[in-house]
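*Asks:* please find the sequence and the predicted model below.
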Amino acid sequence: MATENTLLRIRKSIEPYVGQKVRVRANRGRKKTFEKEGILEKVYPSIFVIRVEESPDFVRRISYSYSDILTETVQLTLCQKEKSGSK
């Protein structure tokens, strides 16, 4: 069972990336996965929020708990900034 310290460590590891672009991959069961890129918008004591722009007129906010990362239901990856002039 996850201790509160484990979830706190996960939250502390995510906090420095608030405002940066991330890729989220979530398992939705029955071989369905959700994969989007967005901005890590907020980090709260129990959840974190990712802002995904579906289109210029539609912004979606998705929240996940830190236990989702612990159970590997959600994978969060920091998007690397591409260097200009590279192929």
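*Replies:* Structure received. This is a predicted model, so every value here is computed, not measured. Residues are numbered from 1 along each chain as shown.

*Asks:* what about residue 74, distance to residue 59?
*Replies:* 20 Å (Cβ to Cβ, to the nearest Å). In short, each C-beta sits where N, CA and C put it, glycine included.

*Asks:* between those two, which one's more packed in?
*Replies:* Counted by other Cβ atoms under 10 Å, residue 74 and residue 59 do not tie: residue 74 has more neighbours, with 20 against 12.

*Asks:* and residue 67, that's in a helix?
*Replies:* Yes. Counting by DSSP: H, G, I helix; E, B strand; the rest coil, residue 67 is located in a helix.

*Asks:* buried set for the helix or strand containing residue 25?
*Replies:* Assessed by DSSP states H and E, residue 25 sits inside strand 21-27. In terms of neighbour count (16 or more other Cβ atoms under 10 Å), strand 21-27 has its buried residues at 22, 24, 26.

*Asks:* I figured the second one was touching residue 78, is that so?
*Replies:* No. Between residue 24 and residue 78 no contact is recorded; they are 10.9 Å apart, counting by Cβ atoms under 8 Å.

*Asks:* ranges for the strands of the protein?
*Replies:* Here the chain has its strands, by DSSP state E, at 21-27, 33-43, 47-55, 58-65, 74-78.

*Asks:* between those strands, which one is nearest to residue 3?
*Replies:* strand 58-65 (14.8 Å; Cβ to Cβ).

*Asks:* other SSEs contacting the closest one?
*Replies:* Packed against strand 58-65, as judged by 3 or more Cβ pairs under 8 Å, 6 or more residues apart in numbering; DSSP states H and E, are the following elements: strand 21-27, strand 33-43, strand 47-55.

*Asks:* let's see that with 6 Å instead.
*Replies:* In terms of contacts (3 or more Cβ pairs under 6 Å, 6 or more residues apart in numbering; DSSP states H and E), strand 58-65 is packed against strand 47-55.

*Asks:* okay, now the sheet partners of the strand it packs on, with direction.
*Replies:* Counting by DSSP bridges, the strands paired with strand 47-55 are strand 33-43 (antiparallel), strand 58-65 (antiparallel).
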